[in-house]
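[1] kindly generate the corresponding structure for this input.
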Amino acid sequence: MNRRIAINIISVLISVLVTFLLTSVLIILIGKNPFNIFGMMFSEVLGNGYGIGQTLFKATPLIICGIGIALCFHASLFNIGAEGQLNAGAFVMSLVAWKLGTLPVFIAMPVSLLAGFMVSSIVGYIPAIIKIKKGVSEVITTIMLNFVILALINYFLIEFLAVKSTVRTEKINDSLMLPKLADYFNTFQGSSVNISVVFALALAVFFYFIIYKTKFGYQIRAIGFNETASKYLGIKTNLLIILTFMIGAGLTSLAGMNFIMGYKGYYELGFSNNIGFTAIAVALLAKNNPLGIILSALLFGFLDFGGLAVNTEIPKEIMLVVQAIVILSIISVNKLTEKYLKKEKK
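    Okay, the predicted model is just below:
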């Protein structure tokens, strides 16, 4: 195994261990036994098909969104606008799916997904072109765009498109709903997990190949390592930055498929529940590796559903604190890892 890969794996394991220890201290401070709490979480989440299914359901959008974010990170594009990009694409996806509900599934579904992808891509194009033309950091523009996009969706939904007395769109045709895994495996009976989890896993494998095994992926990573040197190598850096941002942003829209076509059948205000931000932590924990994102998304899915499973013992907000601890431990351990690798080179 490559030495750097081995060190990265160890650093991830250390991050998880640090998170476990700090969470244990936090649970003790509120007067509970951490071993009992973690034991209950494992029992409720992994001890039955319903818990496993719900973990997969919550991990699915994190995998999809995390891949889109990781693609940008590989090019050193710190895209933190996934929340807005995801909602913009999912909103349009639901409207197109509703309008095309009478058409055959093999037409309506791809067109709906493509429409959502294109809208999210356009949202991603904005910070990319501003970065290239004006040199403005994508961190600033993507933060601002989150507020703008969510405000626009709120306005159009409430004023024109929501079902009366609700904050959701019209329900799409049942023919466009994705089958649940419970239809094929009784183990998952009652769970919301659907076939989009298979799509998410396939997407991770596909983008692993794209990033690490193709010329396009090599050029993206080259820009991430050194944009100036990449220009001298003949790489069209500006074009690659735009394409990477648009593809990464477009991918986030597909996370909406899990909720709209796999669960509720409509877009609902606030449905994403900060998936776009959580997916940043998912990508960072996985070191931007699409296959690693599967594992880190499962961890966050476990924490999400696990928090609900133990909310009779501890406040569910504790799990939000745990997710924050994960992010802080990743950043801290990454810094230590980078220092260690630099010393090794010397």
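
[2] can you give me the distance of the closest residue to residue 246 other than its chain neighbours to residue 92?
    Once flanking residues are discounted, residue 246 sits nearest to residue 121: 4.1 Å by Cβ to Cβ, 6 or more residues apart in numbering. For every residue, glycine as well, the C-beta is placed using N, CA and C. According to Cβ to Cβ, to the nearest Å, residue 121 and residue 92 sit 11 Å apart.

[3] so these two - more neighbours on which side?
    Using other Cβ atoms under 10 Å, the more surrounded residue of residue 121 and residue 92 is residue 121, with 24 against 21.

[4] now name the helix or strand holding that one.
    Element membership for residue 121, per DSSP states H and E: helix 105-134.

[5] tell me which helix or strand comes right after that helix.
    Sequence order places helix 138-156 as the next helix or strand after helix 105-134, per DSSP H and E.

[6] buried ones in that following helix?
    The neighbour-count check on helix 138-156 (16 or more other Cβ atoms under 10 Å) flags 138, 141, 142, 145, 146, 149, 150, 153 as buried.

[7] same for that helix, what does it pack against?
    helix 82-99, helix 105-134 (3 or more Cβ pairs under 8 Å, 6 or more residues apart in numbering; DSSP states H and E).

[8] contact partners of it?
    77-81, 83-85, 87-88, 91, 123, 126-128, 130-131, 245, 269, 276 (Cβ atoms under 8 Å, 6 or more residues apart in numbering).

[9] and the angle from whatever helix or strand comes next after that helix to helix 105-134?
    As assigned by DSSP H and E, the chain's next helix or strand after helix 138-156 is helix 196-213. Going by axes from the mean of the first three to the mean of the last three Cα atoms, to 10 degrees, helix 196-213 is angled at 40 degrees with respect to helix 105-134.

[10] residue 68 contacts residue 250, doesn't it?
    Yes: with contact defined as Cβ atoms under 8 Å, residue 68 counts as touching residue 250 (7.2 Å).

[11] shared neighbours, the two?
    In contact with both residue 68 and residue 250: residue 85, using Cβ under 8 Å, 6+ apart.

[12] more neighbours, the two?
    Between residue 68 and residue 250, counted using other Cβ under 10 Å, residue 68 has the larger neighbour count: 30 against 24.

[13] what separates that one from residue 252, distance-wise?
    The spacing between residue 68 and residue 252, counted by Cβ to Cβ, is 4 Å.

[14] list the residues that contact both of those two?
    Joint contacts of residue 68 and residue 252 (Cβ under 8 Å, 6+ apart) are 82, 85, 279.

[15] so which of those is the closest to residue 343?
    Residue 343 lies nearest to residue 279 out of the shared contacts of residue 68 and residue 252, by Cβ to Cβ, at 32.2 Å.

[16] so for that closest one, what's the pLDDT?
    Listed pLDDT for residue 279 reads 95.

[17] got the buried residues for stretch 268-281?
    Within stretch 268-281, the residues that qualify as buried by neighbour count (16+ other Cβ under 10 Å) are 268, 269, 271, 272, 275, 276, 277, 278, 279, 280, 281.

[18] list of residues touching it?
    By Cβ under 8 Å, 6+ apart, the surrounding residues in contact with stretch 268-281 are 61-62, 65-66, 68-69, 80-87, 90, 146, 153-154, 157-158, 167-169, 252, 255-256, 259, 264, 296-297, 300, 323, 326-327, 330.

[19] contact partners of stretch 6-25?
    Contacts for stretch 6-25 (Cβ under 8 Å, 6+ apart): 34, 38, 285-287, 292, 299, 318, 321-322, 325-326, 329-330, 332-334, 336-337, 340-341.

[20] what is the least confident helix or strand in this structure?
    helix 317-345 (a mean of 77; mean pLDDT, DSSP states H and E).

[21] distance from that one to the middle of the chain?
    Relative to the chain's own centre, helix 317-345 is displaced by 19 Å; criterion: Cα atoms, centre = their mean, to the nearest Å.

[22] which strands and helices sit next to that helix?
    On a contact count with 3+ Cβ pairs under 8 Å, 6+ apart, helix 317-345 meets helix 3-29, helix 275-285, helix 290-309.

[23] now these as a markdown table including distance to residue 214?
    Listed next are the helices and strands packed on helix 317-345 as a markdown table, based on distance: least, Cβ to Cβ, whole Å:
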| stretch | distance to residue 214 |
| --- | --- |
| helix 3-29 | 19 |
| helix 275-285 | 20 |
| helix 290-309 | 13 |
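
[24] tell me which of the ones you listed is the most buried.
    Counting by mean count of other Cβ atoms under 10 Å, helix 275-285 has the highest mean neighbour count of the helices and strands packed on helix 317-345, with a mean of 25.

[25] could you check the angle that one makes with helix 82-99?
    Interaxial angle, helix 275-285 versus helix 82-99 (the same axes, to 10 degrees): 130 degrees.

[26] and the angle from helix 275-285 to helix 290-309?
    Using the same axes, to 10 degrees, one finds that helix 275-285 and helix 290-309 are set 130 degrees apart in direction.

[27] export helix 275-285 to CSV, keeping only CA atoms.
    What follows is the C-alpha trace of helix 275-285 in CSV, where atoms were taken according to Å, rounded to 0.1, in the frame of the first residue of the first chain:
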residue,chain,number,x,y,z
ILE,A,275,-27.3,18.1,3.6
GLY,A,276,-25.2,20.5,1.5
PHE,A,277,-23.1,21.5,4.5
THR,A,278,-22.9,18.1,6.1
ALA,A,279,-21.6,16.7,2.7
ILE,A,280,-18.6,19.0,3.1
ALA,A,281,-17.6,17.1,6.2
VAL,A,282,-18.3,13.8,4.4
ALA,A,283,-16.0,14.7,1.6
LEU,A,284,-13.3,16.0,3.9
LEU,A,285,-13.4,12.9,6.1
